[in-house]
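Colleague: My questions concern the predicted model and sequence given below.
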Amino acid sequence: MNVPNSRRLFSSKKGLSAVVTTLIILVFSVLMAMMAINYTNGLTRARMKSSQQEDVRFEKVHAWVDPLTNGTDRSVVAFKIHNIGGKSAALQTIDVRGNEMDWTTVYFHLVNKTSEVDLLYADLSYFDWASLNGDNVTIGGYEYTRSLGSVFVASGEKLVVYIKAPEIMYKSNIGQPASISIGTANANFMTETVIELAP
């Protein structure tokens, strides 16, 4: 008469139990990870689609340095801002290389999407530092206004900005990255560009 070996039977059941437990833990971990990913994606989509969300994008960013013969270097920063969010954005601060710009050095032009289609997509051309002077300046045939404070950009609008930025960049900085950031009431938006030699 064959008597089953109780020790062998017990050890085989124990081995099976460890495998099943490991599989259950693995499946549970994968399910939890998938739930977390789905929750995060849903939350992100809801925030991006919200009509109250600010979203400002930089386009055609430039930073030019004009080395003058008397040893002083002057710089001009230019970029486009496209408000693709669902609400108007109030630009309250502009920082270049960590330095907050004085609003009197900021010139802006709100692009008319109907009559200025070329300006919507065209690159920005250099404008002389010394010529950024007065309350109004004509750059590339478009009139720019010197800012007196916060600038408002409605949803879907595009703004072109030129900044007279002395003592921020020098000819020794050409080829280096320069950070540019904009602060609104609710968020900060930042980009970088490589500093260029003025043509």
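Modeller: It's in.
Colleague: Over to residue 27. Which of the three states is it?
Modeller: Three-state call for residue 27 (DSSP: H, G, I helix; E, B strand; the rest coil): helix.
Colleague: What about it, how many residues nearby?
Modeller: Neighbours of residue 27 under the rule other CB atoms under 10 Å: 10. Quick note: C-beta positions are derived from backbone N, CA and C, even for glycine.
Colleague: Now do it, the pLDDT please.
Modeller: Residue 27 carries a pLDDT value of 80.
Colleague: repeat for residue 114
Modeller: For residue 114, the predicted pLDDT is 80.
Colleague: Give me the number of neighbouring residues for it.
Modeller: By the measure other CB under 10 Å, the count of residues near residue 114 is 6.
Colleague: Give me the three-state assignment for it.
Modeller: In three-state terms, and counting by three-state DSSP, residue 114 is coil.
Colleague: do the same with residue 130
Modeller: Following three-state DSSP, the label given to residue 130 is helix.
Colleague: residues touching it, list them.
Modeller: Residue 130 makes contacts with residue 74, as judged by CB atoms under 8 Å, 6 or more residues apart in numbering.
Colleague: Distance-wise, check it relative to residue 63.
Modeller: Per CB to CB, to the nearest Å, residue 130 is found 17 Å from residue 63.
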